[in-house]
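Visitor: show me the folded form of this:
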Amino acid sequence: MIHFKIPFFLKKLNKASNKSAKRFMLISILSVIILLTYLTIYNQADVFNSVQDSSSYKKVPAGKQNFNSIIMKINKEYNPHISYPASKTFEEKDTRSELVANSLGSYKNKCPVIGQDTSDVKSWNKLSKKYLSKECLVVNENIKNQLRDSHTRLIDNLIDEADNTFMYPGEEFYSGNGIVFVGGGSYSLMTYSVIKTIRKSGTTLPIEVLIPTEEEAITDAEFCSLIENQNAKCIYLSRIFSQELLETNEFKGFQYKSLALFASSFENVLLLDADDYPLKNLDTIFDHKIFKRSGLILWPDFWRRTTNPFFYESAGAEVDTSKKIRNSLDTVSNLADFIKDQSPEDIPFHDFAGAIPDPSSETGQMMISKKLHWKTLLLSMYYNIYGPSVYYHLLSQYSSGQGDKETFIAAAHLLKLPYYQIFSSSSVDGYFTEEGDFRGLTYYQKDFRHDYETKLKLADDIRQLNNVEDLTYVKQKYFSGDLSEDYAMFAHCNLPKFHPLKMAINDEFIRNDLHYRGYTHKKCLAGLDLEKEINLAYEELICQPGKSVFDYMFKDNEKLIMCNYIKKRLALFEREPLFNQPI
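Guide: Got it, this is the predicted structure:
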């Protein structure tokens, strides 16, 4: 602040010898005062504006600031500093040929894919603690202490709620229910067909599509405008993470699903893959008591769990190998001893108390309450950040479907938070090739609400099961795919994915130049001609006169190839309606 010594000037004024001198002095004083006042106001305004500009430039929205801090803290304080495991028997993008000092370990082989029926029992010794520790990924002794340290410290901090960085952002950032996809490029293209199918079923829940990169935000701008009339919108990682942080971490692939949960505005989320099509109205799924009670719904894969026992050790979690509490899916009958000749050393590790229960997870669809499972999201984020080098390997050991799929249940389990696993088996749709081999195309995941009622019935029928000596009986009676076909909720169409150009180029569902249906499972589809709806969506999006929003993605003749293929598909569906006969 500028101070004026007015009394000094007044003294000068009083000493002036004549009126003219006094008048001149007065005018001079007033001019100086006006000038100084102007400069002061201007200076203050300029400072204010510069503060405003600086604040506008540097200020980070509360949510973004919080999420930046989360990733920065994980990177700085919980980075295990471990590199890819070595493998000489197979090669993957996240393995290396030679073991180095900080490698996670060395693969002898990928863990085998083992099912859950009585016919699979002969292979269950390959699910034992000894086998899972020594015959798939052998963990490097040099890194065990540093992994234990980072893993247990994070879990302890989350449980103790000792760090404000990890606090739940609250309703200011998350509210309501909705559906979330990871889009971007080809995934946005496929997501469009899923959105159209969702609206066809009558679902009105709002939808958000994560566009991961700045480049895709530009190329998908017209797509993002297009879906607004479907009560859907695009969201961007830059909404909650700084560009510098995104570039430093180089997120990709499976990691985007974990990030999408943070970026979306909903408190309760159905996370769907871009090839996962809902088959029924979903508007009331978040109202069911089992979701409200558990806050995390997980669908099953076909296989038993192959998590490396060191995963639990690194987390400070105890698995009691003296206490067998289940036999695969069965936790209620006396089947614990039905394998008469089974050595204790051959018991599947995940049948013991403290281990994550079977079956393994399939996260093409997942429901989660962020409010109930904020800590789960934080720990699973950690698993996904260091997934390619550490946790994807420990959780699956390159058995079927390695990726993010086990990170969510693992996080909830270690934090002792509730979750609901669906036991009802998937049903498979497909066809027989000319060689007589069955080609599976999709698997239908079942309604968790029906599964919950089935488990209640199973508990009531426990007395009837106590003399059963066939594991398959329990599964077939209560959780078989055939039994639950009327309750299919999703079609996860990943073999092949419904990408219109790839389908056309690969002549999918064409034999001897004739088109045929791939999806014919009427009970599961329950009146929805899914193939027809998908192709109608693509015809509307790509094959109308003029420019389409995804023209940038295709070369000159590729659009013609796609649209000819789609036209022939739709002609087939018109000639041969799927539901012209009773189901």
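Visitor: domains of this protein?
Guide: Here the domain parsing of the chain from automatic domain parsing is 6-57, 82-167+288-421, 177-278, 496-583.
Visitor: lowest-confidence stretch among those?
Guide: When those are compared by mean pLDDT, domain 6-57 comes last with a mean of 38.
Visitor: how many residues are close by Tyr552?
Guide: Using other Cβ atoms under 10 Å, Tyr552 has 12 other residues around it. Every residue, glycine included, has its C-beta placed from N, CA and C.
Visitor: okay but it is in contact with Thr219, surely?
Guide: Yes: counting by Cβ atoms under 8 Å, Tyr552 does reach Thr219; the two are 5.7 Å apart.
Visitor: hang on, the earlier thing: out of the domains of the chain, which is closest to Phe438?
Guide: domain 496-583 (12.4 Å; Cβ to Cβ).
Visitor: any idea how far the closest one is from the chain center?
Guide: Domain 496-583 sits 27 Å away from the centroid of its parent chain (Cα atoms, centre = their mean, to the nearest Å).
Visitor: please apply the same query to stretch 102-114.
Guide: Using Cα atoms, centre = their mean, the offset of stretch 102-114 from its chain centre is 24 Å.
Visitor: quick one: contacts of it?
Guide: Contacts with stretch 102-114, where a contact means Cβ atoms under 8 Å, 6 or more residues apart in numbering, come from 81-90, 95-96, 99, 120, 123-124, 126-127, 132, 134-140, 142-143, 303-304, 306, 389-390, 393-394, 396-400.
Visitor: of those residues, buried ones?
Guide: Neighbour counting by 16 or more other Cβ atoms under 10 Å classes 82-87, 95-96, 99, 120, 124, 126-127, 132, 135-140, 143, 303-304, 306, 389-390, 393-394, 396-400 among the contacts of stretch 102-114 as buried.
Visitor: among those residues, which are located in strands?
Guide: Ala86, Ser87, Leu137, Val138, Val139 (DSSP state E).
Visitor: tell me how far the residue nearest the centre of the chain lies from Phe550.
Guide: Residue closest to the average C-alpha location in the chain (Cα atoms, centre = their mean): Lys257, at 3.0 Å. Distance of Lys257 to Phe550, given as Cβ to Cβ, to the nearest Å: 22 Å.
Visitor: what segments of the stretch 451-583 of the chain are helices?
Guide: Taking DSSP state H, counting those that start in this stretch to define them, one finds helices in the stretch 451-583 of the chain at 462-465, 471-474, 500-505, 522-525, 530-542, 556-575.
Visitor: can I get the third one in CSV? Just the C-alpha atoms.
Guide: In CSV, the C-alpha atoms belonging to helix 500-505 read as follows (Å, rounded to 0.1, in the frame of the first residue of the first chain):
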residue,chain,number,x,y,z
PRO,A,500,-17.6,-54.7,-38.8
LEU,A,501,-14.5,-54.5,-40.9
LYS,A,502,-12.8,-57.5,-39.3
MET,A,503,-15.9,-59.5,-39.6
ALA,A,504,-16.2,-58.7,-43.3
ILE,A,505,-12.6,-59.2,-44.2
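Visitor: so which other helices or strands are in contact with that helix?
Guide: helix 556-575 (3 or more Cβ pairs under 8 Å, 6 or more residues apart in numbering; DSSP states H and E).
Visitor: quick one: the helix or strand harbouring Asn75 to chain centroid distance?
Guide: Assigned by DSSP states H and E, Asn75 belongs to helix 62-77. Relative to its parent chain, helix 62-77 has a centroid offset of 19 Å by Cα atoms, centre = their mean.
Visitor: stretch 395-412 now?
Guide: In terms of Cα atoms, centre = their mean, the centre of stretch 395-412 is found 12 Å from the chain centre.
Visitor: flag every buried residue along it.
Guide: 395-412.
Visitor: and if you look at stretch 528-542?
Guide: Those would be 528-539, 541-542, for stretch 528-542 by 16+ other Cβ under 10 Å.
Visitor: next one: stretch 151-169
Guide: Neighbour-count burial for stretch 151-169 flags His151, Thr152, Leu154, Ile155, Asn157, Leu158, Thr165, Phe166, Tyr168 (criterion: 16+ other Cβ under 10 Å).
Visitor: of the residues you listed, which belong to helices?
Guide: Mapping those onto helices (DSSP state H) picks out His151, Thr152, Leu154, Ile155, Asn157, Leu158.
Visitor: where along the stretch 351-500 of the chain do the strands fall?
Guide: Ranges of strands in the stretch 351-500 of the chain, per DSSP state E, counting those that start in this stretch, are 352-353, 361-369, 420-421, 427-432, 438-446, 488-492.
Visitor: what is the mean pLDDT for the fourth one?
Guide: Average pLDDT, strand 427-432: 92.
Visitor: what are the buried residues along that strand?
Guide: Buried residues in strand 427-432 (16+ other Cβ under 10 Å): Ser427, Val428, Asp429, Gly430, Tyr431.
Visitor: who's in contact with it?
Guide: With Cβ under 8 Å, 6+ apart as the criterion, strand 427-432 contacts 438-444, 446, 481-482, 484-485, 488, 491, 516, 518-521, 524.
Visitor: how about 7 Å then?
Guide: Strand 427-432 is contacted from outside by 438-444, 481, 485, 488, 518-521, 524, using Cβ atoms under 7 Å, 6 or more residues apart in numbering.
Visitor: now, which of these sits nearest Gly364?
Guide: Looking across the contacts of strand 427-432 and measuring by Cβ to Cβ, the closest to Gly364 is Tyr443, at 8.9 Å.
Visitor: tally of neighbours for the closest one?
Guide: 26.
Visitor: what bridges to it?
Guide: Under DSSP bridges, the beta-bridge partners of Tyr443 are Val428, His492.
Visitor: now it: how far from Ala411?
Guide: 25 Å.
Visitor: one more: Val194?
Guide: Between Val194 and Ala411 the computed distance is 26 Å (Cβ to Cβ).
Visitor: now do Gly436
Guide: As judged by Cβ to Cβ, Gly436 and Ala411 stand 44 Å apart.
Visitor: can you pull out the helices in the stretch 1-150 of the chain?
Guide: Under DSSP H, counting those that start in this stretch, the stretch 1-150 of the chain gives helices at 6-14, 19-58, 62-77, 129-134, 144-160.
Visitor: helices of the stretch 301-450 of the chain, start to end?
Guide: Using DSSP H, counting those that start in this stretch, helices in the stretch 301-450 of the chain cover 309-314, 374-385, 392-396, 407-414, 448-460.
Visitor: who touches stretch 316-324?
Guide: For stretch 316-324, the surrounding residues in contact (Cβ under 7 Å, 6+ apart) are 129, 152, 155, 309, 312, 336, 347, 351-355, 414.
Visitor: can you say which of those are buried?
Guide: The buried subset of the contacts of stretch 316-324 - by 16+ other Cβ under 10 Å - is Lys129, Thr152, Ile155, Pro309, Tyr312, Ile347, Asp351, Phe352, Ala355, Leu414.
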